[in-house]
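Colleague: Quick one, fold the following:
(one chain, ligands or ions: 2)
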Amino acid sequence: MAGTENSQKSFGWAATDTSGLLFPFHFSRRENGSDDVTIKILYCGVCHSDLHSVKNEWGFTNYPIVPGHEIVGLVTKTGSDVKTFKVGDRVGVGVIVGSCKTCDICQQDLENYCPKVIFTYNSKDQDGTKTYGGYSDIIVVDQRFVLRIPDNLSSGACAPLLCAGITVYSPMKYYGMTEPGKHLGVAGLGGLGHVAVKFGKAFGLKVTVISTSPKKESEAINRLGADSFLVSSDPAQLKAAMGTMDFIIDTIAAVHPLAPLLGLLKMNGKLVTVGLPDKPLELPIFPLVLGRKLVGGSDIGGMKETQEMLDFCGKHNIIADIEMIRIDYINTAFERLAKSDVRYRFVIDVANTLASN
Ligand code: NAP
Ligand code: ZN
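Modeller: Ligands and ions are numbered 1, 2, ... in the order given. As a prediction, this is how the structure comes out:
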């Protein structure tokens, strides 16, 4: 299988149908333009959005699809108008690689909400061709969408910050969930959730993990630094914690009831959902109205804020807890991710394992 519409040859792994199984795939990328940076990919995190996408769970996958939007790599080419990156720099690319750059939303540095946003994969690129993600050897990206990686963060373990990190950091800032001493609940201890715990502690919050997996308790507390752990299927534990939380960040990837989460909030509490289940959730109105509670959403973050988040991680030494895998383990990794069996992010060692396939 090959796509030959562009001039830079590229090689990665793609899914071609709703089985979601990935296979080696040859394709091409555009020549490096004046505003572009070409990056040799070293590592790419495995986000649950990749899994939703390869299986077409959201209904808009355009096969073949090369997933991957938690990319860390090295600059190999820069265009004539690129001044802030040079060959050899260590850089990151997240969920978006383009936007119109001129609308009100882009001018507020919220490119992620631009109506013309271009996603790193499964999107139409600026030249009309298709975007392919980071489960591949190289990528060509407009400089506005390239991030600097703080020197003290290791390449593999910081890759998940490019999506999981900014996805939880941005709502914490926007919804005012950073006041020291406040109580944050983190629902779902996966890729996004475990980074949310680390950010919560860095902001000085009390953090409680709300999980379906009792076996994650000791790690949540001893390794990730959570203050307490609540098993969401245990009515007695839920009852005891009713009305104790100021905020909850909901990272759950599947359909789930919101009533128990709303019950955990204090009056005026905020529930922010970032998980993207494939079907709508039911919103119980009574607890919202009677407790003046708020339910909000949030989608990754703009480029300026993503850089701010990376610099925050550099300052606080925050990286993801990862399981490094070879590219040929990806289909097994997806099976495990579907069962919440990952501690806490798979990261593909692209540079060392892709070439040998
Ligand atoms: P993940 O690593 O699979 O973590 C999700 C966690 O949710 C699981 O570890 C599990 O935690 C919990 N969970 C899974 N199924 C559940 C169920 N049926 N009921 C209750 N809890 C369940 O996934 P992720 O990569 O963190 O992504 C989470 C979600 O966020 C996905 O839907 C993804 O597409 C979405 N996402 C959104 C954005 C955005 O910008 N808004 C960005 C990235 C990802 P426990 O074992 O602790 O229960
Ligand atoms: Zn993601």
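Colleague: Ser154 and ligand 1: what is the separation?
Modeller: In this view, Ser154 and ligand 1 are 20 Å apart by CB to the nearest ligand atom, to the nearest Å. In short, each C-beta sits where N, CA and C put it, glycine included.
Colleague: Can you tell me, leaving aside adjacent residues, what's nearest to that residue?
Modeller: Ile319 (6.4 Å; CB to CB, 6 or more residues apart in numbering).
Colleague: In which helix or strand does Leu261 reside?
Modeller: Taking DSSP states H and E as the criterion, the element that holds Leu261 is helix 259-264.
Colleague: again, but for Gly73
Modeller: strand 71-78.
Colleague: mind listing what's buried in that strand?
Modeller: Residues of strand 71-78 classed as buried by neighbour count (16 or more other CB atoms under 10 Å): Ile71, Val72, Gly73, Leu74, Val75, Lys77, Thr78.
Colleague: so what strands line up beside it?
Modeller: strand 36-45 (antiparallel), strand 90-93 (antiparallel) (DSSP bridges).
Colleague: Next, Lys173: phi, psi?
Modeller: phi -70, psi -50 (degrees, to the nearest 10).
Colleague: list the contacts for it?
Modeller: Glu305 (CB atoms under 8 Å, 6 or more residues apart in numbering).
Colleague: Going forward, count from 2.
Modeller: In the new count, where the first residue is 2, that last one comes out as Lys174.
Colleague: ok, now how distant is it from Phe200?
Modeller: 10 Å (CB to CB, to the nearest Å).
Colleague: Using a markdown table, lay out the buried residues of strand 72-79 together with pLDDT.
Modeller: Formatted as a markdown table, the buried residues of strand 72-79 follow (pLDDT from 0 to 100):
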| residue | pLDDT |
| --- | --- |
| Ile72 | 98 |
| Val73 | 98 |
| Gly74 | 98 |
| Leu75 | 98 |
| Val76 | 98 |
| Lys78 | 97 |
| Thr79 | 97 |
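Colleague: Which single one of those residues is nearest to ligand 1?
Modeller: The nearest member of these to ligand 1, counting by CB to the nearest ligand atom, is Ile72 at 14.1 Å.
Colleague: From the chain's centroid, how far away is whichever helix in the chain runs longest?
Modeller: Counting residues, the longest helix found in the chain (DSSP state H) is helix 304-317. Computed by CA atoms, centre = their mean, to the nearest Å, the chain-centroid distance of helix 304-317 equals 14 Å.
Colleague: Show the average pLDDT along it.
Modeller: Helix 304-317 shows a mean pLDDT of 98.
Colleague: That helix and ligand 2, any residue contact?
Modeller: No - residues of helix 304-317 are not located near ligand 2 by CB under 5 Å from the ion, the shortest gap being 12.3 Å.
Colleague: Report how many residues lie close to Thr19.
Modeller: Neighbourhood size, Thr19 [other CB atoms under 10 Å]: 12.
Colleague: now swap in Thr130 and tell me
Modeller: Using other CB under 10 Å: Thr130 sits among 15 other residues.
Colleague: distance of the closest residue to ligand 2 within the stretch 102-251 of the chain from Val94?
Modeller: Residue nearest to ligand 2 within the stretch 102-251 of the chain: Cys164 (3.3 Å; CB to the ion). Cys164 sits 10 Å away from Val94, going by CB to CB.
Colleague: and Gly186, backbone torsions?
Modeller: Dihedral angles (degrees, to the nearest 10) for Gly186: phi -100, psi 140.
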